[in-house]
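**Q** Attaching a predicted model along with its sequence, questions to come.
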Amino acid sequence: MNYIDVAQKAARASGALLKANFGKALEVDEALHHDLKIALDKESQELITGIILEHFPDHAIYGEEGLAGDQSSDYQWIVDPIDGTVNFFYGIPHYCISIAMRIKEELTIGVIYDPSTDELWTVEKGGPAYLNGKEIQASPRTKIEESILFVGCGKTEEALNTGLERFRKASLRARKMRMMGSAALGMAYIATGRMDAYIESRISLWDIAAGQLLLEAAGGKTELTATPGEPDVWAIVASNGKIPIEEIL
């Protein structure tokens, strides 16, 4: 199997696991003020890891729930086993599995799977973006007044304050504002033309890696700013590439 096929296989297997447990009582590993970690996060990542390393045992896994495989490998799989864990825990059917792969820091494939809707987004570097096998494009909208924007507020006090101010400012201009709870699905929605931009001042690589490749293949634009002293934590501005997002930053 090639890389994209393995990623799809792993995402669908994880999706079946999550869907089978959706709405059930869940074991909480860690409860923070603005976040949750559940046992199913680890179980999902272990399932994904097993499938990937079965096919590519010399590759590296870099996931929200830890590392696996050969960390010296040029081939690194970036995994978020449940993006939208809090939504999942509270029975809100807006969550997904995000899997990307990069070779020597260059993103080459991305897969985002929403088990609730059975929507599977896929992309390979240099090729089009797909939703369930059908090519997709970001929206043609050029005016903020016509757009739907997704603002994330992060988990630190600083990130929350930044996000809330951006939400306030953008609310005065945009047609509608949303706080969705899943960065990966937000980026997939922009790639599909359902939304127009996503802004967050603090987000992890595994949340956005697959979405970045997908969105850019669909004609959108992603700008990342590194967080000093914190590898693979970024500020992100992602859009359809047409609306003047800088007007509301």
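**A** Nice, I can see it.
**Q** quick one, helices of the chain?
**A** Assigned by DSSP state H, the helices in the chain fall at 3-21, 39-55, 85-89, 157-171, 183-192, 205-217.
**Q** a markdown table for those, including distance to Tyr62?
**A** Backbone N, C-alpha and C define where each C-beta goes, glycine included. Output for the helices of the chain, formatted as a markdown table (distance: least, C-beta to C-beta, whole Å):
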| stretch | distance to Tyr62 |
| --- | --- |
| helix 3-21 | 14 |
| helix 39-55 | 10 |
| helix 85-89 | 18 |
| helix 157-171 | 22 |
| helix 183-192 | 15 |
| helix 205-217 | 7 |
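**Q** closest to Lys125 out of these?
**A** Among the helices of the chain, helix 205-217 comes nearest to Lys125, with 6.6 Å by C-beta to C-beta.
**Q** average pLDDT for that closest one?
**A** For helix 205-217, mean pLDDT rounds to 97.
**Q** Over to stretch 127-142?
**A** Mean predicted confidence for stretch 127-142 is 98.
**Q** buried ones in that stretch?
**A** 129-131, 136, 138-139, 141 (16 or more other C-beta atoms under 10 Å).
**Q** for stretch 108-122, same thing?
**A** Buried, per 16+ other C-beta under 10 Å, within stretch 108-122: 108-116, 119-122.
**Q** ok, back up a step: where among the helices of the chain is average confidence lowest?
**A** helix 157-171 (a mean of 75).
**Q** Which other helices and strands does that helix contact?
**A** On a contact count with 3 or more C-beta pairs under 8 Å, 6 or more residues apart in numbering; DSSP states H and E, helix 157-171 meets strand 148-151, strand 176-178, strand 197-204.
**Q** Residues touching that helix, excluding its own?
**A** Contact with helix 157-171 is made by 34, 144, 149, 151-154, 177, 179, 199-202, 248-249, as judged by C-beta atoms under 8 Å, 6 or more residues apart in numbering.
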